[in-house]
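**Q** Need a 3D model of the sequence below.
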Amino acid sequence: MKIAPKSVCAVIPTRGDVDMTAIVKNLNSYPEIAEVQIIKGTTVFNRYLGAKDAKQEIIYTQDDDCITDIRPLLDAYDPRIIVNAMTKRHAKNYRRAQTLIGFGSIFHRNLLATIFDPKWKRDKLFYSKADRIFATVNEHKTIFPHIEILPYADNESRSFREPDHAKKVEAMNERIYKITGITA
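**A** Coordinates of the predicted model:
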């Protein structure tokens, strides 16, 4: 499905501790991007709050620690699914229903209904691992464009570096399974 110019809102969550200039410049180089929203906060759920309030119905999102060639995502856009970017190295860790959102993902705003569904308990786990719900409950297509992982992607402040990260992931995956029956 061809995307018209100025019909995509890019939503980038960040703690606000990194320079976003190169990411914003990259996104603004695509004619389909109408606006870039930088959402400051401490949880990934801010990604979905920003997307919910976007003026455009097509949402592009990524984390603040990479620069992705989003042309393949734009070209593969399908309003019924998430089209997400990943590296082949990371894809080896996602062999079931779950995928990554943070290297770059494009989707129609209608898919947000899954994350705003009241069946999901709003607690610390939900706010820190909301991407896992969104990326598991919605169908997705993973593609492998060029992705530049920025030097600070491995900083100690990154969520995957938290000492209890693996326990949180396991707890969220169990929650997803109990509510949906989907094995993440």
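**Q** quick one: average confidence on the longest helix that the chain contains?
**A** Longest helix in the chain by number of residues (criterion: DSSP state H): helix 165-180. Average pLDDT, helix 165-180: 90.
**Q** Show me what it is packed up against.
**A** Under the contact definition 3 or more CB pairs under 8 Å, 6 or more residues apart in numbering; DSSP states H and E, helix 165-180 sits against helix 124-137. In short, each C-beta sits where N, CA and C put it, glycine included.
**Q** Toward the C-terminus from the helix it packs on, list the very next helix or strand.
**A** strand 140-143 (DSSP states H and E).
**Q** and Val36, what helix or strand is that in?
**A** Counting by DSSP H and E, Val36 is part of strand 33-40.
**Q** Secondary structure element for the nearest residue to Lys40 once chain neighbours are set aside, which one?
**A** Spatial nearest neighbour of Lys40, chain neighbours left out: Gly16 (4.3 Å); criterion: CB to CB, 6 or more residues apart in numbering. For Gly16, there is no enclosing helix or strand under DSSP H and E.
**Q** For Gly16, what are phi and psi?
**A** When read as degrees, to the nearest 10, the backbone of Gly16 gives phi 90, psi 10.
**Q** If I look at it, what pLDDT would I see?
**A** At Gly16, pLDDT is 88.
**Q** I'd say it and Thr42 touch.
**A** No. Checked against CB atoms under 8 Å, the pair Gly16 and Thr42 is beyond contact range at 9.5 Å.
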